[in-house]
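**Student:** Build me a model from this:
(chains A, B, C and D)
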Number of protein chains: 2
Amino acid sequence: MTIQRGFLLVGSKNLNYYSKTPGLYLVWPFNKCNHHGMNRGRPRQFDEKKALLAAMEVFWSKGFEGASCDELLAAMGIKCGSMYLAFGDKQALYDRAFDLYCETEFLRGMEILDGPGTPLENIRTLVQCWGEHMTQPDSKGCFVSNTVIEFSKQPDGVAQLARQVLKRMQDVLENKLKQAADAGELRDGANPAALAAFLVNTANGLNVMARARADKKSIQGVIDSTLLILA
Amino acid sequence: MTIQRGFLLVGSKNLNYYSKTPGLYLVWPFNKCNHHGMNRGRPRQFDEKKALLAAMEVFWSKGFEGASCDELLAAMGIKCGSMYLAFGDKQALYDRAFDLYCETEFLRGMEILDGPGTPLENIRTLVQCWGEHMTQPDSKGCFVSNTVIEFSKQPDGVAQLARQVLKRMQDVLENKLKQAADAGELRDGANPAALAAFLVNTANGLNVMARARADKKSIQGVIDSTLLILA
DNA sequence: CATTTTTTGTACTCCTGGTTAAAAAACTTC
DNA sequence: GAAGTTTTTTAACCAGGAGTACAAAAAATG
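**Tutor:** Model (predicted):
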């Protein structure tokens, strides 16, 4: 039986391929890498990673609603057909961009906590790093924080993920603060759980300050005051 | 010359009145209050204050882009014709709603600073008040903070206003902190300017925490830690 | 009562933004 | 080279959302 165009081939990778004769078709994902290490069909003409990175920048600075598809596609350097085929839809693209941010910008920042210094030293370094980040003139703030705000009404999806990331960050900080306390670096009676929540709060606040284009002196004031509590 | 319907009467208050005969019309704003203290024309059938309050609630919880006209009109209980006549357009309505928020919710909160206690006591009360506000289950956070974020890319208009309100709040706090310092309520070397920025930052952070539906314990931790610095 | 001024309600327009359709292009496999 | 599979391109499509037109209604004026 020869396959002809006209009817949807259920199971074909992108569900956009057709046969002329009606019937139930069993379609295999042919397009896995062959013995030459090449895919079948027309090869991708854009770099998915690069495109995603560009999309991330746009979403990061403009938010989900604020970023139009046109704008995204222009930044990604591809046409809508390619985007929809590669990523699904706008929300899926946002989700991917959010993941990318978490993997790169966000969690990489948290690695400072495992630096060479003592627990408290590392925490203080992280806080100072936030300050430097937010005082950069083209700072887009924090993508996670922005996501929490824009999707705050939604119970799951990327909204839930963003809340979990903040919670995770809080947990990591609490852990580190406990280590600091055990090492006698915190004053007596200091509460690691409360301090962790406080630090996450400071980070979220800095995001707003950055977007409000607060002057450097104010942001430095925030950092200095925060560090005072970690003395 | 009798005026007839059909052609726009340039100068008529709402530019929606017509004459049948073409020509240049000189139209006077007749409809100022007359000797009966009444306007001419059909009287408003809705309470502008009430409608604005309803719009404020919607904008506050959903943001500018997030609030559709349908939704706003439903909440306001009027039809679009009335809304556009009374307020101008969606942005103007938002601006009015923002003003209303500042006058009521926001600046009223700042009045706590002029309460009966000492300067420092009043500041501490304000911080605690933030905590109570944000832990309420239906808390919509802070409209000013939300506005700063959503309009962060825009140089003027309500965006600028919102940034100024934050700055104003910071100035007021700095002033109060100086009073506290003069009264010997702050530790030696405390920096009122830095502390003021820090407190505004905490407030902005709490807004995010509220929208992230952080647990009460975390928010209390933020408040407690913040108050520590004001001891 | 006729006229003027205003608000109201309904229908409509216009536009933008997300998404899909369909065919052409580019490649592999047979 | 023909057939098969995928990406690219271009042109629509469609829904919803902001805003407008206009006639009808409701009041004051004189």
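**Student:** Can you give me the domain boundaries for chain A?
**Tutor:** Domains of chain A are assigned by automatic domain parsing as A:1-43, A:48-229.
**Student:** any idea where the strands of chain A begin and end?
**Tutor:** Assigned by DSSP state E, the strands in chain A fall at A:7-8, A:18-19.
**Student:** My read is that residue A:95 contacts residue A:159, right?
**Tutor:** No: assessed by Cβ atoms under 8 Å, residue A:95 is found out of contact with residue A:159, at 10.5 Å. Bear in mind the C-beta positions are built from the backbone N, C-alpha and C, glycine included.
**Student:** and residue A:153, what is it in contact with?
**Tutor:** Counting by Cβ atoms under 8 Å, 6 or more residues apart in numbering or on different chains, residue A:153 touches A:159, B:61, B:62.
**Student:** which stretches of chain A aren't confidently modelled?
**Tutor:** A:1-38 (pLDDT under 70).
**Student:** what are the phi and psi angles of residue A:212?
**Tutor:** Backbone torsions for residue A:212, taken as degrees, to the nearest 10, come to phi -80, psi 0.
**Student:** That one contacts residue B:161, doesn't it?
**Tutor:** No: the criterion here is Cβ under 8 Å, and residue A:212 misses it with residue B:161 at 11.7 Å.
**Student:** Which one's more surrounded, those two?
**Tutor:** residue A:212 (25 against 17; other Cβ atoms under 10 Å in any protein chain shown).
**Student:** which residues touch that one?
**Tutor:** Per Cβ under 8 Å, 6+ apart, neighbours of residue A:212: B:148, B:152, B:162, B:163, B:166.
**Student:** now for the residues you listed, which pair is the farthest apart?
**Tutor:** In the contacts of residue A:212, two members sit farther apart than any others by Cβ to Cβ. They are B:152 and B:166, at 11.8 Å.
**Student:** burial count for the spatially closest residue to residue A:100 that is not a sequence neighbour?
**Tutor:** Among residues not flanking residue A:100 along the chain, residue A:56 sits closest, at 5.3 Å (Cβ to Cβ, 6 or more residues apart in numbering or on different chains). Number of residues near residue A:56 (other Cβ under 10 Å) recorded here: 22.
**Student:** Residue A:56 and residue A:48: what is the separation?
**Tutor:** Distance, residue A:56 to residue A:48, by Cβ to Cβ, to the nearest Å: 12 Å.
**Student:** again, but for residue A:39
**Tutor:** For residue A:39, the distance to residue A:48 (Cβ to Cβ) stands at 13 Å.
**Student:** One more: residue A:204?
**Tutor:** Distance from residue A:204 to residue A:48, by Cβ to Cβ: 31 Å.
**Student:** same deal with residue A:163?
**Tutor:** For residue A:163, the distance to residue A:48 (Cβ to Cβ) stands at 28 Å.
**Student:** quick one, which of these two is more surrounded?
**Tutor:** residue A:163 (21 against 14).
**Student:** Excluding chain neighbours, what is closest to the more buried one?
**Tutor:** Nearest residue to residue A:163 in three dimensions, chain neighbours excluded: residue B:212, at 5.0 Å (Cβ to Cβ, 6+ apart).
**Student:** ok, now residue A:95?
**Tutor:** The shortest distance from residue A:95 to any non-neighbouring residue, by Cβ to Cβ, 6+ apart, is to residue A:158 (5.0 Å).
**Student:** Spell out, range by range, the helices that occur in chain A.
**Tutor:** For chain A, the helices defined by DSSP state H occupy A:48-62, A:69-76, A:80-87, A:90-101, A:107-110, A:119-135, A:143-150, A:158-182, A:192-211, A:216-229.
**Student:** What is the longest one packed up against?
**Tutor:** Spelled out, that is helix A:158-182. Applying 3 or more Cβ pairs under 8 Å, 6 or more residues apart in numbering or on different chains; DSSP states H and E, we find helix A:158-182 packed against helix A:90-101, helix A:119-135, helix A:143-150, helix A:192-211.
**Student:** Pipe the ones you listed into TSV and attach distance to DNA strand C and mean neighbour count per row.
**Tutor:** As requested, the helices and strands packed on helix A:158-182 are exported to TSV (distance: least, Cβ to the nearest atom of the strand, whole Å; neighbours: other Cβ atoms under 10 Å in any protein chain shown):
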stretch	distance to DNA strand C	mean neighbour count
helix A:90-101	3	20
helix A:119-135	27	19
helix A:143-150	13	26
helix A:192-211	20	26
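**Student:** can you put those in CSV and add distance to residue B:192?
**Tutor:** Listed next are the helices and strands packed on helix A:158-182 as CSV, based on distance: least, Cβ to Cβ, whole Å:
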stretch, distance to residue B:192
helix A:90-101, 36
helix A:119-135, 19
helix A:143-150, 27
helix A:192-211, 18
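**Student:** of those helices, which approaches DNA strand D most closely?
**Tutor:** DNA strand D lies closest to helix A:90-101 among the helices and strands packed on helix A:158-182, at 13.7 Å (Cβ to the nearest atom of the strand).
**Student:** Restricting to C-alpha, output the closest one in PDB.
**Tutor:** The C-alpha coordinates for helix A:90-101 follow below in PDB (Å, rounded to 0.1, in the frame of the first residue of the first chain):
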ATOM      1  CA  LYS A  90       3.800  31.300  22.900                       C
ATOM      2  CA  GLN A  91       3.200  29.900  26.300                       C
ATOM      3  CA  ALA A  92       5.400  26.900  25.600                       C
ATOM      4  CA  LEU A  93       8.100  29.200  24.400                       C
ATOM      5  CA  TYR A  94       7.800  31.200  27.600                       C
ATOM      6  CA  ASP A  95       8.000  28.000  29.600                       C
ATOM      7  CA  ARG A  96      11.200  27.000  27.800                       C
ATOM      8  CA  ALA A  97      12.600  30.500  28.200                       C
ATOM      9  CA  PHE A  98      11.900  30.400  31.900                       C
ATOM     10  CA  ASP A  99      13.600  27.000  32.300                       C
ATOM     11  CA  LEU A 100      16.600  28.400  30.400                       C
ATOM     12  CA  TYR A 101      16.800  31.400  32.800                       C
END
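**Student:** Tell me what angle it forms with helix A:143-150.
**Tutor:** Using axes from the mean of the first three to the mean of the last three Cα atoms, to 10 degrees, the direction of helix A:90-101 lies 140 degrees away from that of helix A:143-150.
**Student:** excluding its backbone neighbours, what's nearest residue A:171?
**Tutor:** Nearest one to residue A:171, counting by Cβ to Cβ, 6+ apart, is residue A:196 at 7.4 Å.
**Student:** Contacts only, for residue A:158.
**Tutor:** With Cβ under 8 Å, 6+ apart, residue A:158 has these contacts: A:91, A:94, A:95, A:98, A:147, A:151.
**Student:** Kindly report the same for residue A:59.
**Tutor:** Taking Cβ under 8 Å, 6+ apart, one finds A:67, A:72, A:93, A:94, A:97, A:98, A:143 in contact with residue A:59.
**Student:** Could you identify the most distant pair in those?
**Tutor:** Greatest spacing in these, by Cβ to Cβ: A:72 and A:143 (14.9 Å).
**Student:** Quick check: the closest residue to residue A:216 other than its chain neighbours vs residue A:213, distance?
**Tutor:** Excluding the flanking residues, the one nearest residue A:216 by Cβ to Cβ, 6+ apart is residue A:135, at 5.0 Å. Using Cβ to Cβ, residue A:135 is found at 10 Å from residue A:213.
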